[in-house]
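>>> test case, fold it:
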Amino acid sequence: MANSNYIIIESGALTDIKNALKQWTDLYSDSIDKECSILLYNIGLGKCLIQVDNQIDNERFCYLVNYLKYPENITYNVKISGYLTVTDQRIFPQVKSGSRIQIFIPDFDKDYDNVYAVTLENETYKYDFSGKTTKVELIREYQDSGIDFSSLVNPDILKITKKRIKPDKPNPEIIGKRFNIISILILFLFGLSYLLIEKKENFILFNFALGFGVTGWFFYDYKMLQLNVFYLKSLLIGLLIGLYGYYLYQHFGDHNKNMILNSAILPIFFLVTQRIYRFIFKTLMKREPIVDKPAPSFADGVYMFSLFMTTILLPTLMINK
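Numbering: from 1, shown residues only. Predicted coordinates:
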């Protein structure tokens, strides 16, 4: 066990540490590839040792150290040190793979989203959770834990079970009623926009907002797009908006060209992109993606962010070429 990955916490109540561990596993269980265990040993008054399964990678080990220092809804002031074998040089590129490092968070830390690592050679690095690792001045020397591992017995075992997310199935009847109401509202608003046609700025801005609004509807009403009949109807709406945008471009192409084209292609561009990303997600995760806030899993969060950013950025780049 001397070469395993583990964390030592001092000055914390065992019940608080258990609760913090449980919270962390609830947050990250979906991003851990396989089911694994965390062992919690009480090694003295106000002191415990957490043996972390080696299946938990270097990045998530650092997240765990940070979370145990700053858990949500738990107030304590603990001293924490993690002992880790480097296997991911993306996280610690300056440290040789297989080396042992000590992970810690100094008392002066006010960023709350990073950890520090000191090597056996007493080189210190700061790992920022934005993905940046930088060498810093020596804050503390590497300190051996001094734990007699042969004396560790009767741990509390915390199992990490990968979540099986089962998205709710879409209800065609409810979605159909909502689709009809929103479609009629969209047609009404596009008709209403003609009241502003003599004021070109307001007219184009109003239609631009409608194009974004329809795209937002498609984004959040993700269950609707799981049903082919409503996906095809949505494509029809997106196509009509695109043709209407082309008509506006012919008449106002010299006036706010980028705004007209953006509002015209956003809905149809989103629908095509969503179909591709959804197919990739279903292939990898074996389930439908979920669009919700907060995201129910890391994978859903990546899906939402990628879909949103692609829809916003690519049309703009294409138009500005």
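
>>> from the contact counts, what lies against the longest helix that the chain contains?
The longest helix of the chain (DSSP state H) is helix 257-285. Applying 3 or more CB pairs under 8 Å, 6 or more residues apart in numbering; DSSP states H and E, one finds that helix 257-285 contacts helix 200-220, helix 228-252, helix 298-320. All C-beta atoms are positioned from the backbone trio N, CA, C, and that covers glycine.

>>> and Cys275, how far from Gly238?
No, residue 275 isn't Cys; it's Arg. Going from Arg275 to Gly238 by CB to CB, to the nearest Å gives 12 Å.

>>> between these two, which has more neighbouring residues?
Gly238 (23 against 12; other CB atoms under 10 Å).

>>> what's around Phe149, how many residues?
Neighbours of Phe149 (other CB under 10 Å): 14.

>>> just to revisit the earlier point, deepest-packed of the helices and strands packed on helix 257-285, please.
Ranked by mean neighbour count, the helices and strands packed on helix 257-285 are led by helix 200-220 with a mean of 18 (mean count of other CB atoms under 10 Å).

>>> tell me the mean pLDDT over that helix?
Helix 200-220 carries an average pLDDT of 81.

>>> could you dump it to PDB, C-alpha only?
Listed next in PDB are the C-alpha coordinates belonging to helix 200-220 (Å, rounded to 0.1, in the frame of the first residue of the first chain):
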ATOM      1  CA  LYS A 200     -35.300  48.800 -41.000                       C
ATOM      2  CA  GLU A 201     -33.200  48.600 -37.800                       C
ATOM      3  CA  ASN A 202     -36.100  47.500 -35.600                       C
ATOM      4  CA  PHE A 203     -37.500  45.200 -38.300                       C
ATOM      5  CA  ILE A 204     -34.200  43.300 -38.700                       C
ATOM      6  CA  LEU A 205     -33.500  43.300 -35.000                       C
ATOM      7  CA  PHE A 206     -36.900  41.800 -34.300                       C
ATOM      8  CA  ASN A 207     -36.400  39.000 -36.900                       C
ATOM      9  CA  PHE A 208     -32.900  38.400 -35.600                       C
ATOM     10  CA  ALA A 209     -34.300  37.900 -32.100                       C
ATOM     11  CA  LEU A 210     -37.000  35.500 -33.500                       C
ATOM     12  CA  GLY A 211     -34.300  33.400 -35.200                       C
ATOM     13  CA  PHE A 212     -32.400  33.100 -32.000                       C
ATOM     14  CA  GLY A 213     -35.600  32.400 -30.000                       C
ATOM     15  CA  VAL A 214     -36.600  29.500 -32.300                       C
ATOM     16  CA  THR A 215     -33.100  28.000 -32.000                       C
ATOM     17  CA  GLY A 216     -33.300  28.300 -28.200                       C
ATOM     18  CA  TRP A 217     -36.700  26.500 -28.300                       C
ATOM     19  CA  PHE A 218     -35.100  23.600 -30.400                       C
ATOM     20  CA  PHE A 219     -32.100  23.500 -27.900                       C
ATOM     21  CA  TYR A 220     -34.200  23.100 -24.700                       C
END
